[in-house]
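Engineer: A structural model of the following input is requested.
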Amino acid sequence: MTFISDSEADALSALLSRRSVLGATAAAGGLLATPLPAFAQGSTAAGPGEAEITVDQARQAPIPIVIPSFGAGMGEQISGVISSDLESTGLFKVMSGDVPPGSTPDFSALKAQGARAAVAGRAVGSGSVRVEMRLWNVVAGEQLQGTAYTASPSNWRRIAHIIADVIYERMLGEKGYFDTRIAYIARTGPRRHQITRLALMDQDGFNSRMLTGGQWLTLTPRFNPARDQVAFMSYANNRPRVYLFDLGSGRQQMLGEFDGISFAPRFSPDGSRVVLSATRGGGSDIFVVDLASRSKHQITSSGGAIDTSPCFSPDGSQIVFNSDRGGSPQLYIMSASGGGARRISYGSGQYGSPVWSPRGDLIAFTRIGHGGFSLGVMNPDGTGERILTQGFTVESPTFCPNGRVLAFCRQSASSAGGAGFSSGIGTIDITGFNERPIRTATGASDPAWSPLNG
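Structural biologist: Numbering: from 1, shown residues only. Got it, this is the predicted structure:
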């Protein structure tokens, strides 16, 4: 039998028994961003995307940054979310301090405090909220960013995430990932009879909402990178199939008819196709479904083996997948049109749940062996394998949009009666440091990170 995740094992049980806000006016999702001119005493330093410090340097010595309150009430909440976002990366050391929003800061005092960067900001308004933010390079005495954001008060948390993204990008030279969401499976009830619901939350665990009612077993959500849409597997009407869920309308529809079970969906990089597995006899093969025409094309012929967990490379030219065609569950790469499959996993254990980094440089995976699970990454040619974390069950890796962090599911063991079981979502840096849990109101599994501003 092939090694697959618990979620995919459930799926096979029948078989086996937008944005740019850096320097120009932008409007998206009811939020308007306008640039603020630099004060006469300051100047604009490096342009957007130019790093003040590298990510690797920040891992060794987190960036000391002063983030004061943006004012009472909502202002305090906004600065709190910004601080939490930056601290969660392990790349910033947030410090308190006084940075006036309406004038050039006292750089000497900030340097004496040990700060490398500082933020000044204020939030005003009631019918609509205007949040002004300035980012300062304390060492050079220069303004790096000045932007005002206007939106309805209900969008205050999103404004905070966008500001944290701006700070991350200006300091580290890479896109942030705070203004994103995670789709997941919310789990309630006893271990052996859990109710599963498709759910959605901000990447920090807030603003969670249930998308399905829990009548049917629901598994493996995946975001469309080009539209507000999620693919997932549902046992609706006792017919296990892949469905599409439109996040705007709440409408869901089955993705194609297959002779057997369809499962393990993932979108192509342009969002126009879905690659998935479908059972055939005693095994499963991989198919690509065109979303416009709904035509399907089979790209593997397993001959009774189980080919599953397909994932496109970021350029869409290749697919990594899991197969037991060689006698044990391993990872393979083939052309996106099928053919030329070559094995890339050669470590000790069984491999599954591969997912390609959006940077194209790594493939994350789950490995089982020696009585437990491991979560790791390797180069696309199979070299450089590194284990990031281990546990009773660690599975379902998903990359954040800039490829620097993985979210995953961690589950604990339970007694014969199911007591002691827990299932939650955590994050970890691709170097294996800074593992953190994401707090959810229910048990959680099967995380899928949205694209930027998703």
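Engineer: so how many other residues sit close to Val297?
Structural biologist: Let me fix one detail, which is that residue 297 is His and not Val. The tally of other residues near His297 (other CB atoms under 10 Å) stands at 13. For glycine as for every other residue, the C-beta is placed from the backbone atoms N, C-alpha and C.
Engineer: Just checking: what are the partner strands of the helix or strand containing it?
Structural biologist: In the assignment (DSSP states H and E), His297 maps to strand 296-298. Next to strand 296-298 in the sheet, as set by DSSP bridges, lie strand 283-290 (antiparallel).
Engineer: now what about the strand it pairs with, what contacts it?
Structural biologist: With contacts defined as CB atoms under 8 Å, 6 or more residues apart in numbering, strand 283-290 is touched by 12, 15, 255-256, 258, 260-262, 268, 272-278, 295-308, 310, 319, 321, 336, 338.
Engineer: quick check: mean pLDDT across it?
Structural biologist: Average pLDDT, strand 283-290: 97.
Engineer: and if you look at stretch 310-323?
Structural biologist: 98.
Engineer: before we move on, what about stretch 140-155?
Structural biologist: In this model, stretch 140-155 carries a mean pLDDT of 95.
Engineer: Same check on stretch 116-133?
Structural biologist: Rounded mean pLDDT across stretch 116-133 is 94.
Engineer: and what of stretch 412-431?
Structural biologist: 88.
Engineer: buried stuff in that stretch?
Structural biologist: Neighbour counts over stretch 412-431 (16 or more other CB atoms under 10 Å) mark 421, 423-430 as buried.
Engineer: just stretch 73-84 next, same as before
Structural biologist: Under the neighbour-count criterion of 16+ other CB under 10 Å, stretch 73-84 has 74-75, 77-79, 81-84 buried.
Engineer: now, among these, which is nearest to Phe245?
Structural biologist: Nearest to Phe245 out of those is Val81 (CB to CB; 27.3 Å).
Engineer: which residues sit in contact with the closest residue to Gly271 other than its chain neighbours?
Structural biologist: Closest residue to Gly271 apart from its sequence neighbours, by CB to CB, 6 or more residues apart in numbering: Ala226 at 2.9 Å. Applying CB under 8 Å, 6+ apart to Ala226 gives the contacts 267, 270-272.
Engineer: Those, buried ones only, as a PyMOL selection?
Structural biologist: Of these, the buried ones go into a single PyMOL selection, burial set by 16+ other CB under 10 Å:
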select buried, resi 267
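Engineer: Who does the spatially most central residue of the chain form a beta bridge with?
Structural biologist: Centroid-nearest residue in the chain, with CA atoms, centre = their mean: Trp449, separated by 2.6 Å. Under DSSP bridges, the beta-bridge partners of Trp449 are Ile182.
Engineer: do Lys296 as well
Structural biologist: On the basis of DSSP bridges, Lys296 is bridged to Val289.
Engineer: buried set for the strand or helix carrying Ile185?
Structural biologist: Per DSSP H and E, Ile185 falls inside strand 181-188. For strand 181-188, burial by neighbour count (16+ other CB under 10 Å) applies to 181-187.
Engineer: starting at the chain centroid, how far to that strand?
Structural biologist: Centroid separation between strand 181-188 and its chain, computed with CA atoms, centre = their mean, to the nearest Å, is 12 Å.
Engineer: can you give me the helices in the protein?
Structural biologist: Secondary structure of the chain, counting by DSSP state H: helices at 6-11, 13-16, 55-60, 74-88, 107-113, 156-172.
Engineer: Let me have the ones you listed in a markdown table, extended by distance to Leu36.
Structural biologist: What follows is the helices of the chain, written out as a markdown table (distance: least, CB to CB, whole Å):
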| stretch | distance to Leu36 |
| --- | --- |
| helix 6-11 | 47 |
| helix 13-16 | 57 |
| helix 55-60 | 26 |
| helix 74-88 | 16 |
| helix 107-113 | 19 |
| helix 156-172 | 12 |
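Engineer: weakest of those helices in terms of mean pLDDT?
Structural biologist: helix 13-16 (a mean of 37).
Engineer: Out of the buried residues of stretch 73-84, flag the one nearest to Ser412.
Structural biologist: Looking across the buried residues of stretch 73-84 and measuring by CB to CB, the closest to Ser412 is Ser84, at 25.7 Å.
Engineer: how about the closest one, what does it touch?
Structural biologist: Per CB under 8 Å, 6+ apart, neighbours of Ser84: Asp204.
Engineer: all strands for the stretch 101-250 of the chain, in order.
Structural biologist: Listed in chain order, the strands of the stretch 101-250 of the chain (DSSP state E, counting those that start in this stretch) span 117-124, 129-137, 142-151, 181-188, 195-202, 209-210, 218-223, 229-234, 241-246.
Engineer: same check, this time on the stretch 301-450 of the chain
Structural biologist: 307-312, 318-323, 330-335, 342-343, 350-356, 363-369, 372-378, 386-391, 393-399, 405-411, 423-429, 436-438, 443-449.
Engineer: helices and strands around the shortest one, which ones?
Structural biologist: So that's strand 342-343. Contacts defined by 3 or more CB pairs under 8 Å, 6 or more residues apart in numbering; DSSP states H and E place strand 342-343 against strand 330-335.
Engineer: Give the other helices and strands that the strand it packs on contacts.
Structural biologist: strand 318-323, strand 342-343, strand 350-356.
Engineer: elements contacting the longest one?
Structural biologist: Using 3+ CB pairs under 8 Å, 6+ apart as the contact criterion, the elements in contact with strand 350-356 are strand 307-312, strand 318-323, strand 330-335, strand 363-369, strand 393-399.
Engineer: Against Pro354, how distant is Arg439?
Structural biologist: Distance, Arg439 to Pro354, using CB to CB, to the nearest Å: 28 Å.
Engineer: And these two? Which one has more around it.
Structural biologist: Higher neighbour count among Arg439 and Pro354: Pro354, with 24 against 13, using other CB under 10 Å.
Engineer: The more buried one touches Thr308, doesn't it?
Structural biologist: No: using CB atoms under 8 Å, Pro354 is not in contact with Thr308; the gap is 10.0 Å.
Engineer: quick one on the thing from earlier: from the helices of the chain, which stretch is densest packed?
Structural biologist: Burial of the helices of the chain is given as mean neighbour count (mean count of other CB atoms under 10 Å); helix 156-172 ranks first at a mean of 24.
Engineer: Kind regards, and thank you for your time.
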